[in-house]
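> Got a sequence here, can you build the structure:
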Amino acid sequence: MNVSITTVRRQNLLVLYQEFVQQAVAKGGTPRGLDQDFAAHLEISPSMLSQIKSARPIGDKLARQIETHCNKAAGWLDQEGLPSERGPDAAEERFIALARAAWRGANTRRKRELTTALRA
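This is a model prediction of the structure:
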C-alpha cells in the first residue's frame, strides 16, 4: 500500500501525541490542556498542532523538529507502518488490576452486573 508522506507523518504524529497523553495521565495529570502542552513540547503553536492533526501537511523542517523534541531518529516520522498499537500503558494496567480484583471478589450475581456494565 502506497500512502502519502502527509498521511504517514500525520499518523505518526498522532502516535507521538498518544504516547505524550499516556505519559501525562500515568503521572497523575488530567487530559485537560494536553494539546497545548504537547504543542509547547514541540515548540509550535496550539493552532498549528490543531491544523496538523486535521489537514495541514508537515514539512521536512517541522518533521525533523518534531522528531528532535520527541527523541526520535531523523526520518522516524516518515516511516510507514510504525506500530500504532503499543502495549498497555500504566493507566490501563491499573484499570485491569482493579477490574480483576473486583471480579475475583464478586459473587455470581455481581459478576453478571460487572459484565453488563462493561458491555454498556
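
> so how far is residue 10 from the residue nearest the centre of the chain?
Taking C-alpha atoms, centre = their mean as the criterion, residue 18 is the residue nearest the geometric centre of the chain, at 1.2 Å. As judged by C-beta to C-beta, to the nearest Å, residue 18 and residue 10 stand 13 Å apart. The C-beta positions use only the backbone N, C-alpha and C, and glycine is treated the same way.

> Kindly report the same for residue 58.
For residue 58, the distance to residue 10 - C-beta to C-beta - is 7 Å.

> any common contacting residues for those two?
Residues touching both residue 58 and residue 10 by C-beta atoms under 8 Å, 6 or more residues apart in numbering: residue 52.

> And these two? Which one has more around it.
The neighbour count for residue 58 versus residue 10, taken as other C-beta atoms under 10 Å, is higher for residue 58 (21 against 18).
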